[in-house]
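please work out how this folds:
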Amino acid sequence: MPSPHPEHGPEELCRAASELYAQALRDGGIDGTEAERAPCLLDLGLLQPAVADPGRLEPVAPTVALNRLLRTSRSRIADEQRREERLVELFDPLMRIDAPHSATTATPTLRLLSGSDRINRALDEAMAEGREEVLCIQPYTGLGGPRGDIAQTEAYGRDQALLDRGGRIRTLYQDTLRHRPTIYAYNEQLKGDTAARTLDELPDRLVVVDRTVAFVPASEDGTGALALEVRHPALVRYFVTTFDRLWHLATPMYPEAVRRPSLDGVTPRQRAIAALLVEGHTDAVIADRLGMNVRTARVHIAKLAATLGSESRAQLGYLIARSGILDREA
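This next block holds a predicted model:
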C-alpha cells in the first residue's frame, strides 16, 4: 500500500513528485496509476493525458510549466500589493486623526512589570545602558534590610559595571539601617563613586537611572510582585527633584558618617518617635514608618518617657510639646 501523499504548499513539489516528473521527462511519460502517488503533479499541470492513450500521462515541458507557474505567482503578488494599497488608503486618514494623541516614540512611557524575574531583567537592561548616575531609595523592608544576600549578589554586578563606566550611585537608606554591618559592607565592596545617607522616614523604593528611567513599586500589598517602569520625562524629573530634596535633608552615612547629636538626652531616633507620638500615631504605625519592629519602638518610647519624666502616654505627649525638643534642629 503506497504511503500517503505528504502535505505541502500549493506550488511545491514533494520528493515523489520530483522523481516521477523527472522519470516522465526521461521516458516521455508514465502510466496514469503511478501519478496517484503524487497528485500534486496534476494539480500543478506538470502532467497531462496523452492524446493517443488517455491512460498514459505525458510531461509538460519544464519551461512551459515554469512560465505558467511564474505568471500565477506574479498575479498573486500583484493582488497582495493591491490589498496593501487599499489598507494604506483606509488607515491613512485614521492615523492622521490619532497622531496628536499617540506616543511618538517606540518606547512606552509607562510599563507595568510583573514578577521578580521580569523586574530584575528590566533593571538590568536600564543599568546596562546607564552611564552617569543611579539614584536609589532603599527603605527598610523587614529582616535582612533592603537587600538580603541574594539581592545584593544580583545587584552587585550591575552596580559595579555602572561605576566602572564612570557613573556614580547615591543611595538613601532608612535610619534604622544606619548601624547594620551589611549595608557598610556592600558599599565598601563597590569600587567607585558611591555615597549613602539616611533619613528617619522614607517613601517606598525608587531607582532612577541617568535621570531618564525610573522604577517604583506598583503592588498594593507591598510584596514587590509588580513594578512600574517610568520613562515620562515630567514624572522622572519629579522623582529626581524629590530624591534631591530628601538627600539634602538626610544624614551622611557613607563614605564618611556624620553622627547626629542628642538634645537634652533625647536621641535623634527618639525625636523622630516623639514627632509621631504627638501626631497621635499608634506604636504599630510608628514602627512601620520608622522601619523597626513594634518591640523596638516601645523600648525607645519607654526611654523617651524616662528621659522626660513621663508616667503615662497622655502625659508623654504633653511633656514632648513642653520640652521643645521638636522645635530645635539636631
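
low-confidence ranges in the stretch 201-330 of the chain?
The stretch 201-330 of the chain contains residues with pLDDT under 70 at 221-223, 259-264, 327-330.

I figured residue 200 hits residue 292, correct?
No - in this structure, residue 200 is not within contact of residue 292 by CB atoms under 8 Å, at 10.3 Å. All C-beta atoms are positioned from the backbone trio N, CA, C, and that covers glycine.

how many neighbouring residues does residue 239 have?
Residue 239: 20 surrounding residues under other CB atoms under 10 Å.

hmm, it is touching residue 232, no?
No - in this structure residue 239 lies outside contact range of residue 232 using CB under 8 Å: 10.2 Å.

identify the contacts common to those two.
With CB atoms under 8 Å, 6 or more residues apart in numbering applied, the contact sets of residue 239 and residue 232 do not overlap.

assign the most centrally placed residue in the chain to helix, strand or coil.
The chain has residue 122 as the residue nearest its centroid, 3.4 Å off, counting by CA atoms, centre = their mean. Following DSSP: H, G, I helix; E, B strand; the rest coil, residue 122 is assigned to helix.

any weak-confidence spans in the stretch 1-150 of the chain?
1-11, 92, 95-96, 98-107, 140-150.

can you give me the helices for it?
In the stretch 1-150 of the chain, the helices defined using DSSP state H, counting those that start in this stretch lie at 15-27, 40-43, 62-98, 116-129, 149-164.

which of these is buried the deepest?
helix 40-43 (a mean of 19; mean count of other CB atoms under 10 Å).

re earlier: residue 309: which of the helices of the stretch 1-150 of the chain is closest?
Across the helices of the stretch 1-150 of the chain, residue 309 has its closest neighbour in helix 149-164 (43.9 Å, CB to CB).

put the alpha carbons of whatever helix or strand comes next after the closest one into CSV.
Proceeding N to C from helix 149-164, the next assigned helix or strand is strand 168-174, under DSSP states H and E. What follows is strand 168-174, C-alpha atoms only, in CSV (Å, rounded to 0.1, in the frame of the first residue of the first chain):
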residue,chain,number,x,y,z
ARG,A,168,28.1,57.3,40.4
ILE,A,169,25.5,55.8,42.8
ARG,A,170,23.7,57.7,45.5
THR,A,171,21.5,55.7,48.0
LEU,A,172,19.1,56.8,50.7
TYR,A,173,18.6,54.3,53.4
GLN,A,174,16.2,54.4,56.4
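
for strand 168-174, buried residues please.
169, 170, 171, 172, 173, 174 (16 or more other CB atoms under 10 Å).

any idea how far residue 277 is from the fifth one?
Just to be clear, that refers to residue 173. For residue 173, the distance to residue 277 equals 23 Å [CB to CB, to the nearest Å].

please apply the same query to the second one.
For residue 170, the distance to residue 277 under the criterion CB to CB works out to 31 Å.

could you do the third one as well?
Using CB to CB, one obtains 29 Å as the distance from residue 171 to residue 277.

what about residue 202, distance to residue 272?
Using CB to CB, residue 202 is found at 12 Å from residue 272.

got it, and residue 326?
Distance, residue 326 to residue 272, by CB to CB: 10 Å.

test my guess that residue 49 contacts residue 57.
Yes - proximity of residue 49 to residue 57 meets the contact threshold set by CB under 8 Å, at 6.2 Å.

which one of the helices of the stretch 1-150 of the chain lies nearest to residue 34?
Smallest distance to residue 34 across these (CB to CB): 6.2 Å, for helix 15-27.

give me the residues contacting the closest one.
Residues contacting helix 15-27 (CB under 8 Å, 6+ apart): 5, 13, 30, 34-35, 37-38, 40-41, 46-47, 57-59, 62.
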